[in-house]
Structure formats: C-alpha cells, structure tokens
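1. turn this into a model:
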Amino acid sequence: MPRSNHPRRRPAKARGAAGDGEPDLNRVRMGVPTTESAPDGVWAVRSITAGNAQKTYTCPGCHRPVLPGVAHLVVWQEDALFGADAGLRDRRHWHSNCWRGRSYRYR
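-> Next up, the predicted model:
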C-alpha cells in the first residue's frame, strides 16, 4: 500500500492541549514561536512579555541576567543534532538585542 504524504497527526496532549481536550492556557498566552533560519541552524524564537517574565535567567549573548519583568526571547534550535526535543530542552532566554546582534560562531 502506498504511503500517504500527509504528516501524521500527533495526539492532542503532544500538541499542548490539556488532558480534557481544552487548550493549555499557559501555552496559548505565551504565543506561537516564529522560525528563523541562520548560518548556525534553524531556530524557534518565542517572545516573552514583561508581564510573563517571572524568573531570572542568564543571557548567553552577554552573560548578564535577564531579570523578572523584562521582555525577552526564549530560543531553541529546531534542527538540533539529537532532535527537536533535545533542542527544546536546551532552550535559552536571550535579551532581544543580544539575539539580534549575535554572531553565528559555533559554541
């Protein structure tokens, strides 16, 4: 039997819905990540608003803190060597200016 060219549909829970079929409101509030292609890979970039920024992170661009209440970006590699799940686990919080001005050297 020939294979279909349609991608297989993931179960609702894997798509980010709550167990009862309702959307996970925390994920909906965060928005949909955009995809950026760069010389060092394909990246998913999600904007975090100042109101949703509640923890302190260290920006890998400048090595300074991304403080609570500061709008910033969460970035992960879509084409990570060990798969998309590994890329998501290795996501990092960047200052918006640091991400835009980053160099493409391999880390």
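
2. if you count contacts, what does the top strand by length along the chain end up packed against?
-> Looking across the chain with DSSP state E, the single longest strand is strand 41-48. With contacts defined as 3 or more CB pairs under 8 Å, 6 or more residues apart in numbering; DSSP states H and E, strand 41-48 has these neighbours: strand 34-38, strand 72-77. Heads up, the C-betas are built off the backbone N, CA and C, glycines and all.

3. okay, and L88 sits in which element?
-> Applying DSSP states H and E as the criterion places L88 in helix 84-89.

4. packing partners of that helix?
-> Using 3+ CB pairs under 8 Å, 6+ apart: helix 84-89 touches strand 72-77.

5. what's next to the strand it packs on, contact-wise?
-> Strand 72-77 has contacts (CB atoms under 8 Å, 6 or more residues apart in numbering) with 33, 41-48, 53, 57, 59, 66, 87-88, 90-96, 99.

6. buried subset of these?
-> Neighbour-count burial (16 or more other CB atoms under 10 Å) applied to those gives 33, 43-46, 48, 53, 57, 59, 66, 87, 92-96, 99.

7. and C98, helix, strand or coil?
-> Using DSSP: H, G, I helix; E, B strand; the rest coil, the structure places C98 in helix.

8. great, nothing more from me.
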